[in-house]
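Peer 1: Okay, structure incoming, though there's no sequence with it:
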């Protein structure tokens, strides 16, 4: 894990707050697995919000030169996965998030909650 990867994960989390994502958590998954360095987990209230969060993250990261490697679950909008290699984004509807409970599954990974920001600027 490097500093740039940590900054990317935090940027993704704050982009999710732009679209009012709920309960955003960063899991430092790279400390316990080779899957990725970070999981960013967030919730939306419905299919449209889940898709809006995903669309915003994809568009803004594209501007930053970050290439989306893989996207899953977007059409259904229940659990959308965005794979950026070292950072994997999971955007759930609330019920699916409770069911799959990735925070419990990966509970041994260090975890950070992300608070929404009220200004138009991103925080680190």
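Peer 2: Right, received. Where do you want to start? All figures in this text were calculated on a predicted structure; none of them were measured in a lab.

Peer 1: Need the residues that contact the helix or strand harbouring residue 23.
Peer 2: Per DSSP states H and E: residue 23 is located in strand 22-27. The contact list for strand 22-27 (Cβ atoms under 8 Å, 6 or more residues apart in numbering) reads 9-10, 13, 16-17, 38-45, 94, 97, 102-103, 106, 109-114, 116. Bear in mind the C-beta positions are built from the backbone N, C-alpha and C, glycine included.

Peer 1: List buried residues within the residues you listed.
Peer 2: With burial judged by 16 or more other Cβ atoms under 10 Å, the buried subset of the contacts of strand 22-27 is 9-10, 13, 16-17, 38-44, 97, 102, 106, 109, 114.

Peer 1: Filter the residues you listed down to just the ones in helices.
Peer 2: Using DSSP state H, the members of the buried ones among the contacts of strand 22-27 that fall in helices are 9, 10, 13, 16, 17, 97, 102.

Peer 1: how many other residues sit next to residue 86?
Peer 2: The tally of other residues near residue 86 (other Cβ atoms under 10 Å) stands at 18.

Peer 1: ok, it touching residue 5?
Peer 2: Yes - the criterion here is Cβ atoms under 8 Å, and residue 86 meets it with residue 5 at 4.5 Å.

Peer 1: No more questions from me, cheers.
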